Every structure is written in C-alpha cells, then in structure tokens.
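Colleague: How does the following fold in three dimensions:
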Amino acid sequence: MKSKTSKTSKMCFAFFLLFFILFFFQFISTSSQAIPISSKFSVNTSHPSSTEHIKKIAVLGKDNRISLPEKYQALAAGIGIIGQPGKKGWRCTAFCVAPNIIATNAHCIVRNPTVGKRLNLAKTIFILPALSKAPLNHKYKPRISYPEYVHQKMPGLSIYSGNYAEASHLNSQKQDWAFTKLIHSVCKGRTLEFGKSNLKRIQKAAKKNEVFMIGYHGDKDMSERLYSNKCRIRSRNNKTFFMKNQRKQMTREALLLPHTCDAYKGSSGSPILLNTNGSYKVIGINLGSLKYEHFRIKRNRFTGKIISRKKLKTGKETNIAIQPKIFAEGLKRFQKETLLTNLHQFKKFQKGLKILNFYKGKIDGRFGKQTKRAIYAFERKMHLTPIGLPTKELLQKLNSVVQRQLLVGNLKEH
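Modeller: Reported below is the predicted structural model:
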C-alpha cells in the first residue's frame, strides 16, 4: 500500500515539474515589433546567454543571423537603440540619417507598443554603442529634442512621422515610420543614406546576397548588432502571403517591401541595405512580421451586426519593411527647417493660422490635433511637402501671407 502511494506521489510531482518547465519556457509573440523590458535598459558587450529555447517568430526558415562582420562595423556605427527604461519601458532599433536626426518605426516612438499610449519624450533615450558601451543610465544620454513648452503634455512636436494607428491594418503599416531630432548632433559622421531602387532591381540584388539588415534583436538580449543576410524580396502579387485586396493595394502604392531578412522583437526600425558596387543605401525600414487571415462574415441585413465569422484562409508569415518613397520629400524639409523653441512663437503661429481660417481652436500654445490639421492645410495651400510641424521657416511664410492679406483688406486681425 505504501509503495502504491509513493508511486502516485512521484507521478504527481513529475507532472507538476513538467508543467512548470513548459510554462517557464513559453514565449508568445506575433511580430518583430518593439521589445518590452523590465530590467535596466543597457547595452551589454558580453556574449549573450543561450536562447535556443525561445520561439523565433520572425525568423523565416533557417536562422541566418550572425554577429556583425568586421567589414560592416564602420557602416553600422550609426545604428543604435531607442527606448525607455523602467517596468513599462521598451527597446527598438534606430539609425542615424543626419547629424541630429534618427529614423525608426512610429510604433517605437509615437505610441508605446506595450500599452498603446502616446510617449513621454522626456524619458525617451537614444544610445549609440559606438560612443558609449556603458548602460543607458550612464551620464552620457543623447535625448530627444523637444521645445520646453511641450514637455510631457504634448509629445510629438519634434517628430516627423506617418499617421500610424495599429499594426493589424495594411493602411496603417505603410505609415509606421518616424524621424526625430536629438538635442545633440551625436550622429555626425555616422549617418546612413536612403536610396531609390525599383522592386526588380532589389529582387535581383537579393538573389546575389547584396541585400541585408543590421539591427538589435530581443532574443539576443539586445546585446549586439546582428547581420541578417540571405534576404529575399517577395512579390507583392504572391497569393501565399497576401489576400486579394492586399495584393492590389501593395502593387498600386508600392510602399511596403515584403522580405525574408530574419528578425525578432527589438529589430523594429532596423535599416535594410542594398549593396551597389560597394555603395550602401537604405532601401527600407523593417517594421515587423505579418500573417494575414481572411474571414467570411455574415451580417444582419437590418442592423448590420455580425452574425457569424468563418475563417477561410490564413496567409503564411512574411516580414515587412517600408520603402523610403513615402517619406523622402518630407524628410528633406524636416532636415532643413528649424522647429519653434518657445511658447510665444507657437502662439503667434496659432494666431496666424486662425486669421487665415485654417485653425478654429483656442490660442493656447498646445500642439493638438486641430493645430496639426491646420498646419497640414496651410502647407498644402503653399504647395509644400506636408510634415505637420510648426517650424520657423513656415512661421515666416505664414506671417508674410497674413500681412499681405491684411494690406489688401481681405482679412481683419482677431
């Protein structure tokens, strides 16, 4: 009787131990977006610990990621990490495109990917291991540039980005890019350039292993830049990976680049580069992996409510990048123009927009949705590439238009 009891207890203990091990090593992920962190935000130069047990969601087929080769060290000097420390912090890859401008995804800097809220730029930090191998709480902290009056209440004034909302829609995916200015020009001499190239040219280069991605990956503890080679570019008409309406949209707009560069959470914002006779240009910004599902939906013909939702087909997973075409012209303006730096100038900007009937809100110095929409409308009126930001150059144009209209008597000053 005792032996039976002991056998039963041993079996129960074995089942409990097995359940605990499976639960401990479970890792669930759906895309290579920003990686949430709970520990100190640091760049560790030691060798990463073994991560063989982690499920590599965005690693397609064989894992071709390797440590960054020596010949690409200088090229990757401007590729770093952007994020926030703390329990609700996160990390993404970002790279230099101008002495004081970095590029990444909108979901990494416009909205916190872990809780879906707008970010506090005062806590957001960009670090280049080329300048500092110490943790991010070191005294050297390249921070995001933002005017004093914005502070915590109005993030986004120093960011030129797409109108990104969520990762589940293709329309939103093509807007998942962002550029922001830094307080100090830490990127000087470390910038990467965007290049223009058609899809066929990129596909041919990819077959010759001339397309690759460099970035940080969460399953490697964000401890080093990884080189993802053997990238291939998938056709936008591929029925295996995209549904009919998605194929039409991708072909028509040609803004998204389906690729097979191995990635992982934390690699969002990584540059995808093309080697053209020894000259390296960025042809895309990695944003994550996608797996589309198609459903047949039945609705009540009177109320419009969904009655049933039958799953028909699931597309295979692919990684996606954004091509520079969508932001190239706006980035030129963002690089050249100077952001407003004080509350008085911004109120004057709002007042000018209100005189010209572009703005209907209060003169309160707040950079809200109404002000941004008014700026877009004025930029289009001036035949400028819209960036939706109040700059000193745009304020000068605004003042000249207001004065001209007042002189001819078409307007009355409020």
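
Colleague: drop to CA atoms for contacts and neighbour counts, all remaining ones
Modeller: Noted.

Colleague: separation between Lys62 and Ser228?
Modeller: Relative to Ser228, Lys62 is positioned 11 Å away (Cα to Cα, to the nearest Å).

Colleague: the more surrounded of those two?
Modeller: Taking neighbours as other Cα atoms under 10 Å, Lys62 and Ser228 compare with Ser228 leading, 23 against 7.

Colleague: pLDDT value on the more buried one, please?
Modeller: Model confidence at Ser228, given as pLDDT, is 94.

Colleague: just the one 3 residues further on next, same as before
Modeller: Turning to Cys231, the model gives it a pLDDT of 92.

Colleague: Just give me the neighbour total for the residue lying closest to it once chain neighbours are set aside.
Modeller: Excluding its sequence neighbours, the residue lying closest to Cys231 (Cα to Cα, 6 or more residues apart in numbering) is Cys261, at 4.6 Å. Applying other Cα under 10 Å, we find 28 residues neighbouring Cys261.

Colleague: Wait, a helix at Cys261?
Modeller: No. Going by DSSP: H, G, I helix; E, B strand; the rest coil, the assignment for Cys261 is coil, not a helix.

Colleague: Quick one: residues contacting it.
Modeller: Cys261 is in contact with 59-60, 212-213, 228-232, 319, counting by Cα atoms under 8 Å, 6 or more residues apart in numbering.

Colleague: Okay, now stretch 349-361: how far is its last residue from its first?
Modeller: With Cα to Cα, one end of stretch 349-361 sits 12 Å from the other.

Colleague: Just the buried positions in it, please.
Modeller: With burial defined by 16 or more other Cα atoms under 10 Å, the residues of stretch 349-361 counted as buried are 349-356, 358-359.

Colleague: What of stretch 177-195?
Modeller: Applying 16+ other Cα under 10 Å to stretch 177-195 flags 177-182, 186-187, 190-192, 194-195 as buried.

Colleague: hang on, the earlier thing: output the buried residues of stretch 349-361 as JSON lines; include the columns pLDDT and distance to Ile283.
Modeller: Listed next are the buried residues of stretch 349-361 as JSON lines, based on pLDDT from 0 to 100; distance: Cα to Cα, whole Å:
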{"residue": "Phe349", "pLDDT": "91", "distance to Ile283": "36"}
{"residue": "Gln350", "pLDDT": "91", "distance to Ile283": "37"}
{"residue": "Lys351", "pLDDT": "92", "distance to Ile283": "40"}
{"residue": "Gly352", "pLDDT": "92", "distance to Ile283": "39"}
{"residue": "Leu353", "pLDDT": "94", "distance to Ile283": "37"}
{"residue": "Lys354", "pLDDT": "92", "distance to Ile283": "40"}
{"residue": "Ile355", "pLDDT": "90", "distance to Ile283": "42"}
{"residue": "Leu356", "pLDDT": "91", "distance to Ile283": "40"}
{"residue": "Phe358", "pLDDT": "93", "distance to Ile283": "36"}
{"residue": "Tyr359", "pLDDT": "92", "distance to Ile283": "37"}
